[in-house]
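Colleague: Let's see this in three dimensions:
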Amino acid sequence: MEAQFQTFLILLAVLAGTALAARRFNVAPAILLMLAGVGLAFVPGMPPVELPPELVLLMVLPPLIYSASVAMSWREFKNNLRPIVLLAVGAVIFTAAMVATATHYLIGLPWTIGFLLGAIVAPPDVVAPLAIARRLNLPRRILVVLEGEGLANDATALILYRFALAAIMVGHLSLPVAASEFFLIVAGEIAFGIGVGWLSLRARKWAHDPQVELTLSLITPYVAYWLPEHVGGSGVIATVACGLYVSWNGPLLISSATRLQGIFFWDLVIYLIEGLLFLLTGFQMRALYEKSRAFPLDDIMIATAVVVAIVVIARFAWLYPATYLPRMLSPSLRARDPSPPWQWVSTLAFIGVRGAVSLAAALALPFTLPNGEAFPFRDLILFVAFGVIFITLVGFGLGLPAMVRWLGVADAGRSEHIAEHEAEIAARRQALDAALQSLDVLTAEKEVSDEVMRLLRARHEIRVNQLPDSLDPAHHDVSAAGTALTRELIVAERKFIHDLLRDGRITDETRRRIERDLDLEEASLANREYRGAPL
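Modeller: Model prediction:
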């Protein structure tokens, strides 16, 4: 137990150090974390750390999917549902079929094994691509489609995985029955996820306690995931539906205290889960290397190269027709949603990074068949899955910034970012105007002293004056200087309060209350900084 705890502390230290290095060299942390995991696995004396598949599929995946779903806009998800479904369902099935065909004819794998391998490597990861893409100022729609795909494609892949595994275990599979079960699973999980989201929000509203509400929010994704998974579904669709329901209906039901604490709580939880997940994924290289000694190296290399080539080609081969063909066939769709530039489609096709879910699905394969024979090609599937993850994450992750610069996609993203911030400033001003009108109505209905009115109007004027008039570079410089000076004033005030505490003129409880106000003001400054504006 002590050795395991020491290993855990080492992983946390490596996680923190790698995050600092990623910021220093401007590289996506997921890439360095996986490389660090591979290097750490071969350090002499380092005990082996295995990644239990049930840990990823049952413990790690639910909060990751739920957090991403809550952070996503239901309106944007709904408006982009067609491309999301085409990628999350169509592209996964197409890729799995392409992998099965290629491995059957080029490598000689049985069809069922090929489909199983295809289901494992077909879905791009939900975490790594977004972590890389968000750093590149990509257009908002690319990020929305990418995020929506990452949320839903695991469900398609895991359902295909279960069907292929059942076919191998029992020796046959009825495609019509499998198709009908697929649609029943999707419909049932959507309904169940919405029900869990509704129940979770009502329970949190009744709690009236931030700690209890945060505990309920942590339980919610597991409730949404575990029951459908236990009865034969994937659990992913239910968790996504639950998160989107909470995202759309939660703002008016969740208290401000819970929301403020929840942001920091969930940011830390997701940061630790994602970091340790990529570290442990890299750590599997040691176990795979030890197994590879009894396996022909040429077979591993050829199979990995074939599957990597197929998953890359299949994504490009699916995305271009799926993007342009519906618009060619439907004038109404073409008028309502014009074709995006080919550079956008190429960028989306290039971001096909595989992640830990693929490795977990491979690790979850049984060792034997029901008749006691060894599960066919199990080690080969493990090697290929890890190879696909490593090559797509490191190779494509490092090459994506150059690809984006070459295609010029970031220019459109920066223009969108500026327009978004201008709309935000306008919305803030309109909200303040609405609040001022409400103030006039409330004071007309109630007896309010002149002093209270002066305080309320002064507060309102301060908030109005804090908003920038525009996003031009000159005003940005003035705003940045004011923000920097305000931070220095907060530091001076905090130091003075600390001196009062040391002199015994205030209590610790008083100091904490004052510091909380200062912390909230400093957080408000960070929230008002308009990054991405022209400098």
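
Colleague: where exactly do the helices run in the stretch 201-350 of the chain?
Modeller: When assigned using DSSP state H, counting those that start in this stretch, the helices of the stretch 201-350 of the chain occupy the ranges 210-230, 236-249, 256-292, 297-329, 331-336, 342-350.

Colleague: Residues contacting the last one, please?
Modeller: Read that as helix 342-350. Contacts with helix 342-350, where a contact means CB atoms under 8 Å, 6 or more residues apart in numbering, come from 138-139, 141-142, 145-146, 315-316, 319-320, 323, 396, 399-400, 403-404, 407-409, 412. C-beta: built from backbone N, CA, C; applies to glycine.

Colleague: rerun at 7 Å
Modeller: 138-139, 142, 145-146, 315-316, 319-320, 323, 396, 400, 403-404, 407-409 (CB atoms under 7 Å, 6 or more residues apart in numbering).

Colleague: Then the fifth one?
Modeller: The list of residues contacting helix 331-336 from outside it, by CB under 7 Å, 6+ apart, reads P326, R327.

Colleague: just to revisit the earlier point, just the buried ones out of the contacts of helix 342-350, please.
Modeller: Neighbour-count burial (16 or more other CB atoms under 10 Å) applied to the contacts of helix 342-350 gives 138-139, 142, 145-146, 315, 319, 323, 396, 400, 403-404, 407, 409.

Colleague: where in the protein is pLDDT low?
Modeller: Counting by pLDDT under 70, the chain contains low-confidence ranges at 1-2, 171-175, 177-178, 292-295, 444-445, 466, 468-480, 482, 527-535.

Colleague: how about 50 then?
Modeller: Low-confidence segments of the chain, defined by pLDDT under 50, span residues 474, 530-535.

Colleague: All the strands of it, residue numbers only.
Modeller: With DSSP state E as the criterion, the chain has no strands.

Colleague: one step back: which of the contacts of helix 342-350 fall within helices?
Modeller: Residues of these located in helices (DSSP state H): 142, 145-146, 315-316, 319-320, 323, 400, 403-404, 407, 409.

Colleague: would you list these in TSV and tack on distance to L158?
Modeller: As requested, the ones in helices among the contacts of helix 342-350 are exported to TSV (distance: CB to CB, whole Å):
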residue	distance to L158
I142	25
V145	21
L146	19
R315	19
F316	24
L319	22
Y320	27
T323	26
L400	26
M403	29
V404	30
L407	32
V409	31
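
Colleague: Pick the one among these closest to G504.
Modeller: L146 (56.3 Å; CB to CB).

Colleague: From Y245, how far off is that closest one?
Modeller: Between L146 and Y245 the computed distance is 21 Å (CB to CB, to the nearest Å).

Colleague: now swap in Q437 and tell me
Modeller: The spacing between Q437 and Y245, counted by CB to CB, is 32 Å.

Colleague: out of these two, which sits in the more crowded spot?
Modeller: Y245 (23 against 10; other CB atoms under 10 Å).

Colleague: now stretch 513-523, how far from the chain's geometric center?
Modeller: In terms of CA atoms, centre = their mean, to the nearest Å, the gap separating the centre of stretch 513-523 from the centre of its chain is 29 Å.

Colleague: what does stretch 108-115 give?
Modeller: The mean C-alpha position of stretch 108-115 is separated from the chain mean by 31 Å, CA atoms, centre = their mean.

Colleague: Buried residues, that stretch. List them.
Modeller: The neighbour-count criterion (16+ other CB under 10 Å) identifies L109, T112, I113, G114, F115 as the buried residues of stretch 108-115.

Colleague: right, and the fourth one touches H104 too?
Modeller: Yes: counting by CB atoms under 7 Å, a contact exists between G114 and H104, whose distance comes to 4.9 Å.

Colleague: Including distance to Q6, could the helices of the stretch 201-350 of the chain go into CSV?
Modeller: As requested, these are arranged in CSV below (distance: least, CB to CB, whole Å):
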stretch, distance to Q6
helix 210-230, 27
helix 236-249, 33
helix 256-292, 15
helix 297-329, 33
helix 331-336, 58
helix 342-350, 40
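
Colleague: Kindly state which of those helices is positioned closest to R24.
Modeller: When the helices of the stretch 201-350 of the chain are ranked by proximity to R24, the top entry is helix 256-292, at 16.3 Å, counting by CB to CB.

Colleague: All set, thanks.
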